[in-house]
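1. Predicted model and sequence below, questions to follow.
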Amino acid sequence: MPERASGPGSRMNPLKVLPGAALLLWPMAVAWADPATVDVFANSRYSDNINKREENTEEEFEDRVGIGISKITRPGTCEGSLNGDVAFVTYRNDTNDDEFSGTVDANGVCEPNRNFRWSARDTLRDVRTTTQAADSPANRERRNVFSTGPTFTIHPGRRDNLSLDVEYQMTRFQESTDDDSDRLTTTGRWQHLFTSTLNGGLAVSRSDIEFRQTDEELTRDNANAFFSWQRPNGQWSGELGYSWLESERGVVINETNGLTGRLRYSHQWDAGTSAFGEVRRSITDVSTDLDVRIPGLDLNLTETSAVIVTAVTAGISQQWTARTSSDASFSGIQQEFDRAGITEERFSMGLGVNHRISDNFSGRASTGYVREDFGTGVDPVGTARAELGVDYQRTRDLSFNAGIGHEIRDVVGGPGNEYHENWAQIGVRYNLR
């Protein structure tokens with residue numbers, strides 16, 4: 001990872017930082033005190049084109065050894081959840097640098113009384129650096145987003161509450177350190193319980209965002225109305241408002257503003273079918289973790305910080321029999337980098353099927369297609385994938401897995417980085433507790 005630039009304000013006294021860090025982390029520490037489910041795993045993946053290139057293709061064995069943790073604490077004053085895998089990845093032919101990789105979601109909250117709570121959350125992801133290159137090890141890096149802060153609440157009436165949230169968020173990237181940021185968000189909210197199934201209210205917020213390496217500063221103001229409506233077999237939720245985003249870098253000031261909102265509906269059928277649909281428009285920046293909440297979103301870390309994201313996502317899951325299930329998903333996403341005048345569009349769909357062959361064996365198959373358009377001067381690309389896999393549960397604690405797959409990328413309308421990749425993978429997982 002590149003070294004951080006030094007300068008005024010870039011160094012902190014550890015004696016001042018440690019007490020603050022302990023205060024920020026205590027909700028998670030208390031919530032995670034109970035034992036967790038812990039797995040160790042290892043797998044090896046062969047690829048005939050590891051970095052997904054049209055020319056100078058390279059064969060590689062990608063080996064992973066890691067640990068997986070899953071836990072949800074019991075209800076109480078402090079609650080939390082932790083789920084994810086972290087692995088060390090090596091490449092036998094040195095096509096890429098050995099590295100740590102992981103997907104982790106952690107949440108914790110302590111609420112000693114109805115007027116005060118302290119929350120903390122952390123997400124670790126491997127993300128694409130640039131959307132115009134293929135999703136390969138050479139174009140992925142780790143991103144960690146940690147946020148924490150208090151919420152103060154008063155209850156002026158039996159059906160009303162007023163709250164004030166203060167949240168600090170820290171975003172760090174493995175390579176794209178120009179996008180490292182610190183932000184402080186203050187939110188005031190009024191919420192009213194209209195009926196036993198319908199609540200809503202108003203919220204205003206301000207975020208002050210500082211990019212550590214570039215000295216760019218963003219200010220984001222937002223005002224919206226929100227609601228949540230519980231139905232017998234489903235739920236509506238949403239918000240509608242207006243956002244103002246101002247970017248200041250030296251003497252250059254840019255402003256982006258417009259309507260923002262979200263509308264989501266989820267439904268559960270008695271027959272084992274569940275589905276959801278969501279429409280969202282957000283004015284945000286590339287150091288956000290919005291992609292965690294929008295399946296299929298890849299933020300382009302090489303573009304300007306401010307971005308307008310418009311997304312339509314939908315999915316459905318079906319339990320056909322006691323042995324067979326399937327799921328399907330669709331997303332259409334547009335990213336507008338207002339200052340750079342660039343618009344990127346991404347449409348994706350996927351289908352997966354799982355079938356339990358016997359008490360110990362299960363099979364899985366999936367396929368997907370993604371079409372990406374990067375704007376003027378760059379030809380759209382289409383990427384299709386298919387894979388088959390099998391899982392074997394040897395004992396309650398020991399399982400094995402294997403899979404094969406193929407991926408192909410075509411450039412629509414002209415030459416470009418077209419590639420084919422074939423891969424095969426085997427792995428083992430053991431539950432320690």
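-> Here it is on my side, so go on. These figures come from a predicted structure and were not determined experimentally.

2. which residues sit in contact with the residue nearest the centre of the chain?
-> For the chain, the residue nearest the mean C-alpha position is Val292 (2.2 Å; C-alpha atoms, centre = their mean). Val292 is in contact with Asp105, Thr123, Arg125, counting by C-beta atoms under 8 Å, 6 or more residues apart in numbering. From N, CA and C alone the C-beta is placed, and that goes for glycine too.

3. helix, strand or coil for the closest residue to Thr260 other than its chain neighbours?
-> Among residues not flanking Thr260 along the chain, Ser243 sits closest, at 4.6 Å (C-beta to C-beta, 6 or more residues apart in numbering). With DSSP: H, G, I helix; E, B strand; the rest coil as the basis, Ser243 sits in strand.

4. what residues does the one helix or strand Ile253 maps to touch?
-> Element membership of Ile253 [criterion: DSSP states H and E] is strand 252-268. Under the criterion C-beta under 8 Å, 6+ apart, residues 222, 224, 233-247, 274-283, 306, 308, 338-339 lie in contact with strand 252-268.

5. quick one: furthest residue from the center of the protein?
-> Gly157 (37.0 Å).

6. For that residue, list each beta-bridge partner.
-> Asp160 (DSSP bridges).

7. ok, now how distant is it from Gln191?
-> 11 Å (C-beta to C-beta, to the nearest Å).

8. and what of Asn300?
-> Counting by C-beta to C-beta, the gap from Asn300 to Gln191 is 35 Å.

9. Tell me which of the contacts of strand 252-268 fall in strands.
-> 222, 224, 234-247, 274-283, 306, 308 (DSSP state E).

10. Could you point out which residue ranges in the stretch 201-350 of the chain have low pLDDT?
-> Counting by pLDDT under 70, the stretch 201-350 of the chain has low-confidence residues at 303-305.

11. ok, Leu162 touching His192?
-> No. Using C-beta atoms under 8 Å, Leu162 is not in contact with His192; the gap is 10.3 Å.

12. Parallel or antiparallel, which strands does the strand holding Ile253 pair with?
-> Counting by DSSP bridges, strand 252-268 is paired with strand 234-249 (antiparallel), strand 273-285 (antiparallel).

13. what separates the first one from the chain centre, distance-wise?
-> The chain centroid and the centroid of strand 234-249 are separated by 18 Å under C-alpha atoms, centre = their mean, to the nearest Å.

14. Strands of the stretch 1-150 of the chain, residue ranges please.
-> 37-47, 60-72, 78-91, 99-113, 116-128, 140-157 (DSSP state E, counting those that start in this stretch).

15. and Phe211, which of these is closest to it?
-> strand 140-157 (14.3 Å; C-beta to C-beta).

16. what about Gln174, neighbour count?
-> The tally of other residues near Gln174 (other C-beta atoms under 10 Å) stands at 17.

17. Hmm, Thr129 and it touching each other?
-> No. Because the distance of 9.1 Å does not satisfy C-beta under 8 Å, Gln174 is recorded as not touching Thr129.

18. shared neighbours, those two?
-> Glu141.

19. hey, where'd the strands end up in the stretch 301-433 of the chain?
-> 306-319, 324-337, 342-356, 361-373, 381-393, 398-411, 419-431.

20. right, and those strands - which one's nearest Asp135?
-> Of these, nearest to Asp135 by C-beta to C-beta is strand 381-393, at 8.2 Å.

21. Could you name the helices and strands sitting against that closest one?
-> Judged by 3 or more C-beta pairs under 8 Å, 6 or more residues apart in numbering; DSSP states H and E, the packing partners of strand 381-393 are strand 361-373, strand 398-411.

22. Output the strands paired with strand 252-268 in JSON lines; the columns should cover distance to His355 and mean neighbour count.
-> Below are the strands paired with strand 252-268 laid out as JSON lines (distance: least, C-beta to C-beta, whole Å; neighbours: other C-beta atoms under 10 Å):
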{"stretch": "strand 234-249", "distance to His355": "28", "mean neighbour count": "17"}
{"stretch": "strand 273-285", "distance to His355": "17", "mean neighbour count": "18"}
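
23. looking at the ones you listed, which is closest to Tyr168?
-> strand 273-285 (15.9 Å).

24. How about residues contacting the closest one?
-> Residues contacting strand 273-285 (C-beta under 8 Å, 6+ apart): 181, 209, 218, 220, 243, 245, 256-268, 290, 294, 305-319.

25. What's the ChimeraX line that selects buried ones from these?
-> Here is the ChimeraX selection string for the buried members of the contacts of strand 273-285, based on 16 or more other C-beta atoms under 10 Å:
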select :181,209,218,220,243,245,256,260,261,262,264,265,266,267,290,294,305,306,307,308,309,311,312,313,314,315,317,318,319
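
26. Am I right that Arg140 is in contact with Thr129?
-> Yes. Look at Arg140 against Thr129 with C-beta under 8 Å: they come within range, at 7.0 Å.

27. quick one: Asn354 from Arg117, how far?
-> 38 Å.

28. Please disregard the earlier target; I meant Ser362.
-> Counting by C-beta to C-beta - Ser362 and Arg117 are separated by 41 Å.

29. In contact with Ser70, which residues?
-> Here Ser70 is in contact with Ala36, Thr37, Leu82, Asn83, Gly84 (C-beta under 8 Å, 6+ apart).

30. how about 6 Å then?
-> By C-beta atoms under 6 Å, 6 or more residues apart in numbering, the residues touching Ser70 are Thr37, Asn83.

31. How about it: which residues does it bridge to?
-> With DSSP bridges as the rule, Ser70 is bridged to Thr37, Asn83.

32. Nearest spatial neighbour of His155, chain-adjacent residues omitted?
-> Asn161 (5.0 Å).

33. same question, Arg121
-> Asn107 (4.7 Å).

34. Tell me if I'm right that that neighbour and Ser81 touch.
-> Yes. Look at Asn107 against Ser81 with C-beta atoms under 6 Å: they come within range, at 5.2 Å.

35. before we move on, the earlier item: I'd like to know which of the contacts of Val292 is nearest to Glu58.
-> For those, the nearest to Glu58 is Arg125 (25.3 Å; C-beta to C-beta).

36. Burial check on that closest one, number of neighbours?
-> Going by other C-beta under 10 Å, the residues that sit close to Arg125 add up to 19.

37. Report how many residues lie close to the residue lying closest to Ala203 once chain neighbours are set aside.
-> Excluding its sequence neighbours, the residue lying closest to Ala203 (C-beta to C-beta, 6+ apart) is Arg189, at 4.4 Å. Counted with other C-beta under 10 Å, the neighbours of Arg189 add up to 18.
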